[in-house]
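# Here is my input; please provide its structure:
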Amino acid sequence: MGAHRHRRAGARPRADPRDREVARLPDRREGQLGRQARRRDRQHAHGGRRARVAGSAVAVRRDQRGFTLLEILLALAIVGALVVIAFSTVRIAVASWRQGEDRAEAYQHLRGVALTLARTVGGAYPYNAPRGDTPAASLLFGGSASSLEFVTQTAPFPGSVPIAFTAVVIELGTTGEQRGLVIRQRLLPNRNPFTDAVVVFNDPTLTELAFSYLDDSGAWQDTWDVETQKRLPKAIRIAVGGTLNGRAQALLPLTVPLRVGTEAQ
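Model prediction:
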């Protein structure tokens, strides 16, 4: 191993005559490892790479695409149907609410009128005075199925001057200008307390009015004649009904007990 006489100056390796001479290789600098591919193989490789790139681009475009026209039309149709259903529901709810309000208003109106009548009838008093021009006094009370004449200490519509007794007529008008519930009153003492009474209230929406009178036996009578009874009834039952906004309403009858004048005179 090493050069012959390597310790001397100018030592050189000894050539072996049996060694073959090796041809010189040209210097091609740095290059890629391996054998260079043929042109057709290179085109095939580049084509596959381009195909893969194009395929990935198509996949990206497919993933990023928007809605089709059919999908948009279908979505708009669904939204329109939901809007129509919502508005229909709201319209039905508003109509039901209005009907409920009208019914409550009609009921409240009837109830207010019935309570006014009950308060007035509850103050009935056995007042004796002439009915007409004759001086003969009688008990001022008369009742039928649809009208009531009496004297009360609680006027339905008090005047500006406080008066102890007021003659009141409550009836159901069916003819003439005054239809429906009619209330007339006249201050006492006065002549013709019932026939000359002035109308103070008229409600055409009240189309039903009925009175019943309780006798000593506990039976209800449709009429009350003071000429034979000589006293006021034990109680009076009042039934009212009417039509408001085209809807018929009726209340349960109110029973009003009378406090004085129920004993025979």
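
# So, low pLDDT: which residues of the stretch 51-200 of the chain?
51-66 (pLDDT under 70).

# what are the ranges of the helices in it?
69-122 (DSSP state H, counting those that start in this stretch).

# Bridge partners for the nearest residue to residue 225 once chain neighbours are set aside, pull those for me.
Nearest residue to residue 225, sequence neighbours excluded (Cβ to Cβ, 6 or more residues apart in numbering): residue 142, at 7.6 Å. Any C-beta I mention is one placed from the backbone N, CA and C, and that applies to glycine too. As for beta bridges, residue 142 partners with residue 149 under DSSP bridges.

# Residue 142: neighbouring residues, count only.
Using other Cβ atoms under 10 Å, residue 142 has 18 neighbouring residues.

# isn't it right next to residue 227, touching?
No. Contact criterion Cβ atoms under 8 Å: residue 142 and residue 227 do not qualify, at 9.4 Å.

# Find residues that contact each of those two.
Residues touching both residue 142 and residue 227 (Cβ atoms under 8 Å, 6 or more residues apart in numbering): there are none.

# Could I get the buried residue list for stretch 125-132?
125, 126, 127, 129, 130, 131 (16 or more other Cβ atoms under 10 Å).

# Tell me which residues are up against that stretch.
Against stretch 125-132 from outside (Cβ under 8 Å, 6+ apart): 136-141, 151-153, 165, 188-189, 191-195, 231-232, 260-261, 265.

# how many other residues sit next to the residue lying closest to residue 119 once chain neighbours are set aside?
Excluding its sequence neighbours, the residue lying closest to residue 119 (Cβ to Cβ, 6+ apart) is residue 154, at 5.8 Å. Each residue near residue 154 was counted by other Cβ under 10 Å, and the total is 15.

# Relative to residue 175, how far out is residue 199?
Distance, residue 199 to residue 175, by Cβ to Cβ, to the nearest Å: 14 Å.

# before we move on, what about residue 169?
16 Å.

# can you confirm residue 260 is in a strand?
No. Residue 260 sits outside any strand when classified using DSSP: H, G, I helix; E, B strand; the rest coil, being coil.

# burial count for the closest residue to residue 102 other than its chain neighbours?
Leaving out its chain neighbours, the residue that sits closest to residue 102 by Cβ to Cβ, 6+ apart is residue 245, at 4.9 Å. By other Cβ under 10 Å, 13 other residues sit near residue 245.

# ok so, going back, between the buried residues of stretch 125-132, which sits nearest residue 216?
residue 126 (15.7 Å; Cβ to Cβ).

# what's the distance between that closest one and residue 92?
In terms of Cβ to Cβ, residue 126 sits 57 Å off from residue 92.

# cool, and residue 249?
23 Å.

# SS state for residue 202?
strand.

# can you pull the contacts of residue 193?
Contacts of residue 193 by Cβ under 8 Å, 6+ apart are 129, 131, 140, 151, 167, 186.

# 10 Å - rerun?
Residue 193 is in contact with 127, 129-132, 140, 149, 151, 165-169, 185-187, counting by Cβ atoms under 10 Å, 6 or more residues apart in numbering.
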